[in-house]
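S.K.: sequence first, then the predicted structure, then my questions.
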Amino acid sequence: MSSNTLRYFDHSATTPTHPDVLAAMLPYFTERFGNPSSHYGIAGDSRAAVRKARAQVAAAIGASPEEIFFTAGGTESDNWAIKGVALAHPEGRGHIITTAIEHHAVLHTVDWLENLGYTVTRLPVDCYGRVDPGDVEEAIKDDTILISVMTANNEVGTIQPIRRIGEIARRVGVAFHTDAVQAIGNIPIDVEQDRIDLLSLSAHKFYGPKGVGALYIRQGTVVDTLIHGGAQESGRRAGTENLPGIVGLGAAIERACRDIPAHNARILAMRDRLLRGILEQIPNVHLNGHSEERLAGNLNLSFDGVDGEALLTMLGMRGVCASTGSACSSGSESPSHVLTALGVPPSRARSSLRLSLGDLNDEEDIDTLLALLPDAVARLRRLSGTGA
Amino acid sequence: MQFTETVMDHFENPRNVGALEDADAVAEVGSPECGDTTTLYLKIRENRIVDVRFRTLGCAAAIASSSMATELILGKSLEEAWALTNTDVVRALGGLPEQKVHCSVLAEGAIREAINDYRRRQGLEPWE
């Protein structure tokens, strides 16, 4: 392969739509384009396709099809779950428990509700990014209406003890929402066993299309509607269905959840070889997040004396796509709220690089990165005067 | 992030990197905005910058700005170097993305700090 070959280590950001998923979607752009709400033959095909996708999503997480509602993606699902539960309670009243390391779709939503008069507890995490279920239990008050804890973190990959949190929520009768956007397809999730009442997911994180997701709402959970209009999605989320997207979501989730252990075994072997190689070749590297309880594809590393964004740019020039949550990235001037919550010092937070592995990676990618990274880090350390 | 070819060239092949052991002036400046730091070393003969080195911990824009700034001030009189602004650095780089313009301010600050370090060492009043 030429040195210009793309080496993609950013599967946590997004994934390409799998060819099988795309093939399933294509007819719904053209010959099977009927509006599921219409009353003729091709509309019936569309309704059946939506029904099938709903069943596929439900089966993947142990839910019933009538508990699955299609949305425009993870952000809408998070907004709907949290605002929906809050607005179903008397105006401006109620207490929400979440964590300091949630995605902004959760954190900015609870901030907004706080301005409306709701109260919010943002639980700390330990240095590995884990929430203590005991802290969740202690935070519960008489007026607690919702607990929202992500299944796995997008930056450091740490997996939360959601089953134990679900059990606590169930025992006290508080709704439990989990943002499973990063987790679906990477760890098995069963809404019954895990005692989940609301679950957000997004198709483009597991080789489905962008712009489509779903919210699982357990039957009996009181959730207000946010998108008003027609009677789609049982009258709970208006708007003509994103038919090809929904078909793609169904196909993608079925594919992604078919054999998670086999998928993870392949990814884990590559990730562990990559980590070993980096630690052997580069001094003063720190692994952020949990060593065991983390997504198989995630590595979040800090390189002392290196600016994460500069490293990202240098790797980018050599065809490697990765990510950083450090200062100055994407126009943001503050260090990652996740790394900060883990107690990572600012200097180390700004030197972080996230490598997320997935289906696009092969052993050659690992070899390439192991050949490029030590040189890039050494060059930047010489530039910053911190040596090798 | 889209950088110009000049920025990428100065990032990939930065000029005047390192330290000057016998520097006549040294300035270490940091950006409270995002934590970038630059150290600038100057060698000055007869009011003229005859050698310059830098070290920068920062993003590609910060590194390229430092590198370009050292090229722009080499051989200049202290008055000419003092007059150099971050806008001159950005222009010489062929532009910077809007959110990265602040990275060039670090270079301007380092030059002025270093010049005043020199003036203090000479028992002169720092410029403002």
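M.R.: Perfect, I can see it now. Numbering: from 1, shown residues only, chains lettered A, B, ... in the order given.

S.K.: thought A:Asp307 was touching B:Thr38?
M.R.: No: with contact defined as CB atoms under 8 Å, A:Asp307 does not count as touching B:Thr38 (11.7 Å). Bear in mind the C-beta positions are built from the backbone N, C-alpha and C, glycine included.

S.K.: which intervals of the stretch 101-250 of chain A have sub-threshold pLDDT?
M.R.: Under the criterion of pLDDT under 70, none of the stretch 101-250 of chain A is flagged as low confidence.

S.K.: find the nearest non-adjacent residue to the residue most central in space within chain B, please.
M.R.: The central residue of chain B, meaning the one whose C-alpha is nearest the mean C-alpha position (CA atoms, centre = their mean), is B:Ala107 at 3.6 Å. Spatial nearest neighbour of B:Ala107, excluding adjacent residues (CB to CB, 6 or more residues apart in numbering or on different chains): B:Ala69 at 3.7 Å.

S.K.: over to A:Ser202?
M.R.: Leaving aside its sequence neighbours, A:Ser202 sits nearest to A:Gly74 (CB to CB, 6+ apart; 3.4 Å).

S.K.: settle it for me: which of A:Asp307 and B:Thr38 has more neighbours?
M.R.: A:Asp307 (32 against 27; other CB atoms under 10 Å in any protein chain shown).

S.K.: contacts for stretch A:139-146, please.
M.R.: Contacts of stretch A:139-146 from elsewhere in the structure, counted by CB atoms under 8 Å, 6 or more residues apart in numbering or on different chains, are A:82, A:85-86, A:89, A:93-97, A:119, A:121, A:123, A:147, A:168, A:172, A:174-177.

S.K.: counting only helices, which of these make the cut?
M.R.: Within these, membership in helices is found for A:82, A:85-86, A:168, A:172, as judged by DSSP state H.

S.K.: most neighbours among those, which one?
M.R.: Neighbours here are counted as other CB under 10 Å. On that basis the top member of those is A:Ile82, with 29 neighbours.

S.K.: quick one, what contacts that one?
M.R.: The contact partners of A:Ile82, taken as CB under 8 Å, 6+ apart, are A:96, A:106, A:109-110, A:113, A:146, A:148, A:177.

S.K.: now for those, which pair is the farthest apart?
M.R.: Among the contacts of A:Ile82, the pair separated by the greatest distance (CB to CB) is A:Leu113 and A:His177, at 12.9 Å.

S.K.: ok, these two, which is more surrounded?
M.R.: For A:Leu113 against A:His177, the residue with the higher neighbour count under other CB under 10 Å is A:His177, and the figures read 31 against 21.

S.K.: excluding sequence neighbours, find me the nearest residue to that one.
M.R.: A:Leu198 (3.9 Å).

S.K.: who's the one you found bridged to?
M.R.: According to DSSP bridges, A:His177, A:Ile217 are recorded as the beta-bridge partners of A:Leu198.

S.K.: thought A:Thr17 was touching A:Tyr207?
M.R.: Yes: applying CB under 8 Å as the test, A:Thr17 and A:Tyr207 come out as touching, 6.3 Å apart.

S.K.: give the residues shared as contacts by those two.
M.R.: Shared contacts of A:Thr17 and A:Tyr207 (CB under 8 Å, 6+ apart): A:Ala252.

S.K.: packing partners for the longest helix seen in chain B?
M.R.: When secondary structure is assigned using DSSP H, the longest helix within chain B turns out to be helix B:101-121. Applying 3 or more CB pairs under 8 Å, 6 or more residues apart in numbering or on different chains; DSSP states H and E, we find helix B:101-121 packed against strand B:25-30, strand B:37-45, helix B:60-73, helix B:78-82, helix B:86-92.

S.K.: mind pulling up the pLDDT for B:Val7?
M.R.: What the model reports for B:Val7 is a pLDDT of 97.

S.K.: for the helix or strand where it lies, what is the distance to the chain centroid?
M.R.: Following DSSP states H and E, the helix or strand that holds B:Val7 is helix B:5-12. Its chain's C-alpha centre lies 15 Å from the corresponding centre of helix B:5-12 when counted by CA atoms, centre = their mean, to the nearest Å.

S.K.: close to chain A, is it?
M.R.: Yes: applying CB under 8 Å from any CB of the partner chain, one finds that helix B:5-12 is in contact with chain A at B:8, B:11-12.

S.K.: buried residues, that helix. List them.
M.R.: Taking 16 or more other CB atoms under 10 Å in any protein chain shown as the neighbour-count basis, helix B:5-12 is seen to contain the buried residues B:7-11.

S.K.: same question for stretch B:22-29.
M.R.: Using 16+ other CB under 10 Å, the residues of stretch B:22-29 that count as buried are B:23-27, B:29.

S.K.: and stretch A:174-185, by the same measure?
M.R.: Neighbour-count burial for stretch A:174-185 flags A:174-185 (criterion: 16+ other CB under 10 Å).

S.K.: ok, stretch A:189-198 next?
M.R.: Burial within stretch A:189-198, assessed by neighbour count using 16+ other CB under 10 Å, is assigned to A:189, A:191, A:194-198.

S.K.: quick one, phi psi at residue 36?
M.R.: As the question left the chain open, I've gone with chain A. When read as degrees, to the nearest 10, the backbone of A:Pro36 gives phi -60, psi -20.

S.K.: ok, now which ones touch it?
M.R.: With contact set as CB under 8 Å, 6+ apart, A:Pro36 has these partners: A:43, A:46-47, A:50, A:232, A:240-241, A:243.

S.K.: hang on, isn't the residue nearest to A:Ser202 packed against A:Lys205?
M.R.: Yes: with the criterion set as CB under 8 Å, A:Gly74 and A:Lys205 qualify as a contacting pair; they are 7.4 Å apart.

S.K.: shared neighbours, those two?
M.R.: Shared contacts of A:Gly74 and A:Lys205, defined by CB under 8 Å, 6+ apart, are found at A:Val181.

S.K.: name all residues that make contact with residue 81.
M.R.: Looking at chain A here, since you left the chain open. With contacts defined as CB under 8 Å, 6+ apart, the neighbours of A:Ala81 are A:148, A:177, A:198, A:200, A:215, A:217, A:223.

S.K.: look at chain B instead
M.R.: For B:Ala81, the set of contacting residues under the criterion of CB under 8 Å, 6+ apart consists of B:49, B:73, B:111, B:115.

S.K.: so the first one lies in a helix, does it not?
M.R.: This points to B:Ile49. No: looking at B:Ile49 with DSSP: H, G, I helix; E, B strand; the rest coil, it is strand, so not inside a helix.

S.K.: so it touches B:Leu72, yeah?
M.R.: No: applying CB under 8 Å, one finds B:Ile49 not in contact with B:Leu72, separated by 10.0 Å.

S.K.: more neighbours: which of those two?
M.R.: A side-by-side neighbour count of B:Ile49 and B:Leu72, using other CB under 10 Å, places B:Ile49 first with 24 against 18.
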